[in-house]
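*Asks:* Let's see this in three dimensions:
(2 chains)
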Number of protein chains: 2
Amino acid sequence: MQHTKQNSLTAFFEPRSVAIIGASATPGKAGYEAIRNVQANGYAGKIYPVNPKGGEILGLPVTSSISALPAGVDLAVIILPAEATPKALRECTARGIRHAALMAGGFAEVDEAGAKLQEELMTVIRETGVRVLGPNISGHTSTPHGYTSAFFPLGKIRRGNVSVIAQTGNFATHTMRSITTGEHFGVCRVIGLGNKVDIDETEALEYLADDPETKAIVIYLESFKRPKRFLEVAREVTRRKPIVMLKSGSTEAGKQAAVAHTAAMASEDRLVDGLLRQAGIVRIWEYSHLVLALKALSMLPLPKGNRVSFLAPSGAMLVTYTDFCARLGLEVPAVGPETVARLQEISPPYIRMRNPVDIWASANVRGVEFAYREGMEAVLKDANIDAVVPVMMLTRQIGQPSFEFILDLAKKYPGKPVLVSFSGDKDCAEECKAYLEPRGVPTFLEIEQAFEALSILVRCRKAMDRPR
Amino acid sequence: MQHTKQNSLTAFFEPRSVAIIGASATPGKAGYEAIRNVQANGYAGKIYPVNPKGGEILGLPVTSSISALPAGVDLAVIILPAEATPKALRECTARGIRHAALMAGGFAEVDEAGAKLQEELMTVIRETGVRVLGPNISGHTSTPHGYTSAFFPLGKIRRGNVSVIAQTGNFATHTMRSITTGEHFGVCRVIGLGNKVDIDETEALEYLADDPETKAIVIYLESFKRPKRFLEVAREVTRRKPIVMLKSGSTEAGKQAAVAHTAAMASEDRLVDGLLRQAGIVRIWEYSHLVLALKALSMLPLPKGNRVSFLAPSGAMLVTYTDFCARLGLEVPAVGPETVARLQEISPPYIRMRNPVDIWASANVRGVEFAYREGMEAVLKDANIDAVVPVMMLTRQIGQPSFEFILDLAKKYPGKPVLVSFSGDKDCAEECKAYLEPRGVPTFLEIEQAFEALSILVRCRKAMDRPR
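*Replies:* Numbers count the residues shown, from 1 in each chain, chains lettered A, B, ... in the order given. This is a model prediction of the structure:
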């Protein structure tokens, strides 16, 4: 019997109850950590660990079989080897469960035997209409609902307003840890796609398009399942919500690696590039820029345009980063005569002040706080400037200023992104980051990252405002 | 009277005695911090602070005028405003001092009046033959001699084997602090060029070419004073010592900023690019890559070729960084059948092991230490591999392994650079860095940086081995 597909993936992101098939009492095992994660995230729904051994795991009574589960469980998370997964999926459907996330790897991405197992999954899906995420994922996350199916030890995941679609498990594992331990922003939904036997990037995008919690979408993709439909959906979404994508396998060498990963053949890259652009999708090229895009979109407004002012304690930085901005499509325009006059006022006369701003002498003579505060306000006020990057000169031997003025300026000019970076002592930079970021102002330990992040926002704005 | 120029800049880098003209008793002032810096670096020569007020500064008796200095002082460091600098320089030469570093800005880079002052300096140089570094520099450094003229509070600078020529003050100020506080490598000589009224990049390069302490040279340049001669010298040096250069002002926008900085007109960039390549100079494009190049050249051997193996805990990373390597000119070749067999041995069967190495499953099932140790050794052994980048999956919740095995492997395969990076908890990565780097193995907190650093080394090797 062919079932009609549901329109919504809501049950994956707001499950009222979850069965964890393959629950384990052993710390470190996936079936244990998955339960610990969901508890750590404050999930308010019901959790049913399933394991033939029964007993209790992390304070929860264990159900000994899928058929012994109560009726009406919303979602099954199946953490079993590939061989055991199709059977478990079928049993879940028999118990009335209509949504499942399948964790195991070892399907079509590995060998013939795996491909057969994947066929079996597709048969169950076809016959029962069960909706499936995966297989070969490491979980999905929904912070507004305090829920995650991730089995990698994660701890609490901060709530945010940007969602992720990822044809890879990283975003539910070590990349998520690098965010939770190294950054101060959160995420909204994280959707692992894995081998996409059922739910694909298009359906995930459709869900996020209508999700009121999601204001922007970051995507990692190795292949398109339904490219035409995906681009159709994206074309409309990008007018309302920015979409940033890392589409990998852009080189011949990368394609080879992609085939090994999620059984995906990479498409012709140049073609892809043009199609993404037409759909208003902002393409990025480096893995670390996924986190950069998440951070920028989470913490900053989209600037009105591409005109940036930056302040740095060094002529060499002014020259080098002006070059860098030009390569990124960021303009470093002249500022108005009033701005120049104000900048000159705060500096010793032996520096010619303009944009970009050589703040070195002013910081040395009048102090770091005065120089950056007055310099930043001068350029933020300027109608020719859409965003400001202060490269803070911080060193212990000069003494750490108070950073409150940066918060004040960011609040006073809410339409203009302020991206803070650093030159000088590493621990001073870390201190500034620890102060500013929980209060909403993003910092970038590598200066190039601040400009890269800004250029992503500028491209998102341009895509949103593109002519119809 | 026209003096013959000395062939060597030795007195700048091995001064037996130094006069600091414009010494100050006030902490925070340049004339105070310069003395504190030189003391902090264990300088064994004589230091003569000069200030009309006399008295004592940091335990040193102050000489009240230049003419009252003892005979035979090797080097004068003049920390006076631009207006006072030409007169002081002439007085130094009258007292027999034949080398001077001039700190003040406010010369030709600022205005007409400054240009006139610069003319005066050149007159003194022409008439007396005094050798001058600057003006408009923030100091020069020579760690083998425990010496620095830097006036920015720096503290102790680690000794290293790579030298820097910089047409900017950063390398004696906040960029140096970012190295001393954030990194574990040192530097050898740091030569600030400033406005280059006398000593230019060519002479600096000639000095470093013959300097037994310098094994590689990193250069930041905004303009060439004697391009033909510079390239001639470089062409020979690059066969013995790698030269890496950031030549800024590569875009029209950057050129504008360069004019404001050190009164230098940027040359035609494409032409420059070809000439640098012919001379065997490895060009870089980002400011942060200056530090990256220093780090790589300081801590690693040049690889034999461009064939890299990397291990990462994620298929997405394998694909993305294979793309990234391709863009950087790094090859990620297939490894031999024995290597594949060994890799498959250490992994659960549901991952197809090859190069790049998906270490995720092995790390999860057999532990991080076992997986990375055995995986790294397998690829390091392989004759098809010139360098290895392990992207360590580290998270507190799994537990930190011992990192000694990485030191052991780096020692066992000394011709193959090992560049360590991370995915996971930030503090775990920092811990690993703090363990490995003082013991000689470099780490890179951003994964892209490891590959960027490797590509710089590969290009240095290629330049060194280029056909004549």
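*Asks:* Stretch A:145-159 close to chain B?
*Replies:* Yes. Stretch A:145-159 is in contact with chain B by Cβ under 8 Å from any Cβ of the partner chain, via A:153-155. In short, each C-beta sits where N, CA and C put it, glycine included.
*Asks:* Neighbour count and distance to A:Leu394 for those - can I get that in TSV?
*Replies:* Shown next, in TSV, are the residues of stretch A:145-159 next to chain B (neighbours: other Cβ atoms under 10 Å in any protein chain shown; distance: Cβ to Cβ, whole Å):
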residue	neighbour count	distance to A:Leu394
A:Pro153	21	34
A:Leu154	26	32
A:Gly155	16	30
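*Asks:* and the residues you listed as a markdown table, adding secondary structure and pLDDT?
*Replies:* Listed next are the residues of stretch A:145-159 next to chain B as a markdown table, based on DSSP: H, G, I helix; E, B strand; the rest coil; pLDDT from 0 to 100:
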| residue | secondary structure | pLDDT |
| --- | --- | --- |
| A:Pro153 | coil | 94 |
| A:Leu154 | coil | 95 |
| A:Gly155 | coil | 95 |
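*Asks:* Nearest to chain B, out of the residues you listed: which one, please.
*Replies:* A:Pro153 (3.5 Å; Cβ to the nearest Cβ).
*Asks:* near chain B, which residues of the stretch 351-468 of chain A show up?
*Replies:* With Cβ under 8 Å from any Cβ as the criterion, the stretch 351-468 of chain A meets chain B at residues A:351-352, A:354, A:356, A:358, A:360-361, A:393, A:395-398, A:422-427, A:446-448.
*Asks:* Give me the neighbour count for A:Ser402.
*Replies:* A:Ser402 sits with 9 neighbouring residues when counted by other Cβ atoms under 10 Å in any protein chain shown.
*Asks:* Kindly report the same for the one 4 residues further on.
*Replies:* Using other Cβ under 10 Å as the criterion, A:Ile406 is surrounded by 24 other residues.
*Asks:* again with A:Glu14
*Replies:* A count of nearby residues for A:Glu14, using other Cβ under 10 Å, gives 15.
*Asks:* per-residue confidence at it?
*Replies:* You'll see A:Glu14 listed with a pLDDT of 96.
*Asks:* cool, A:Lys255 as well?
*Replies:* 66.
*Asks:* try A:Thr251
*Replies:* pLDDT, A:Thr251: 67.
*Asks:* ok, A:Val190 - contacts?
*Replies:* A:139-142, A:148, A:163-164, A:166, A:171-172, A:176 (Cβ atoms under 8 Å, 6 or more residues apart in numbering or on different chains).
*Asks:* Return the subset of those lying in strands.
*Replies:* Mapping the contacts of A:Val190 onto strands (DSSP state E) picks out A:141-142, A:148, A:163-164, A:166.
*Asks:* Name the nearest of the contacts of A:Val190 relative to chain B.
*Replies:* Closest to chain B, out of all of those and judged by Cβ to the nearest Cβ, is A:Ala166, at 7.3 Å.
*Asks:* partner residues bridging the residue nearest to the closest one when sequence neighbours are not counted?
*Replies:* If the residues on either side of it in the chain are set aside, A:Ala166 comes closest to A:Tyr220, at 4.5 Å by Cβ to Cβ, 6 or more residues apart in numbering or on different chains. Counting by DSSP bridges, A:Tyr220 forms beta bridges with A:Ala166, A:Leu246.
*Asks:* For the stretch 351-468 of chain A, just list every one of the helices.
*Replies:* A:360-366, A:368-381, A:404-412, A:426-436, A:447-464 (DSSP state H, counting those that start in this stretch).
*Asks:* what residues does the fourth one touch?
*Replies:* Counting by Cβ under 8 Å, 6+ apart, the neighbours of helix A:426-436 from elsewhere in the structure are A:392, A:394-396, A:400, A:403, A:406-407, A:420, A:422, A:442-443, A:445, B:178, B:181-182.
*Asks:* got it, and the third one?
*Replies:* The set of residues that contact helix A:404-412 without belonging to it, under Cβ under 8 Å, 6+ apart, is A:369, A:372-373, A:376-377, A:380, A:390, A:418, A:420, A:436, A:439-441.
*Asks:* what does the second one give?
*Replies:* Among residues not part of helix A:368-381, those counted as contacts by Cβ under 8 Å, 6+ apart are A:309, A:311, A:335, A:339, A:342-343, A:346-347, A:355, A:357, A:359, A:362-363, A:385, A:388, A:390, A:392-394, A:398, A:401-402, A:405-406, A:409, A:412-413, A:416, A:418.
*Asks:* Can you pick out the ones from the residues you listed that are in strands?
*Replies:* Residues of those located in strands (DSSP E): A:309, A:311, A:357, A:388, A:390, A:392-394.
*Asks:* Looking at neighbours, which among those residues is most surrounded?
*Replies:* Highest neighbour count within these: A:Val357, with 30 neighbours (other Cβ under 10 Å).
*Asks:* ok, so what distance separates that residue from A:Ile351?
*Replies:* Look at A:Val357 and A:Ile351: by Cβ to Cβ, to the nearest Å, they are 9 Å apart.
*Asks:* how much space between A:Glu33 and chain B?
*Replies:* Taking Cβ to the nearest Cβ, to the nearest Å as the criterion, A:Glu33 is separated from chain B by 8 Å.
*Asks:* From B:Met317, how far off is that residue?
*Replies:* Separation of A:Glu33 from B:Met317 (Cβ to Cβ): 21 Å.
*Asks:* Looking at the two, which one has more neighbours?
*Replies:* Using other Cβ under 10 Å, the more surrounded residue of A:Glu33 and B:Met317 is B:Met317, with 30 against 23.
*Asks:* report the angle between the axes of the strand or helix carrying the more buried one and helix B:447-464?
*Replies:* Per DSSP states H and E: B:Met317 is located in helix B:315-328. Angle between the axes of helix B:315-328 and helix B:447-464 is 30 degrees (criterion: axes from the mean of the first three to the mean of the last three Cα atoms, to 10 degrees).
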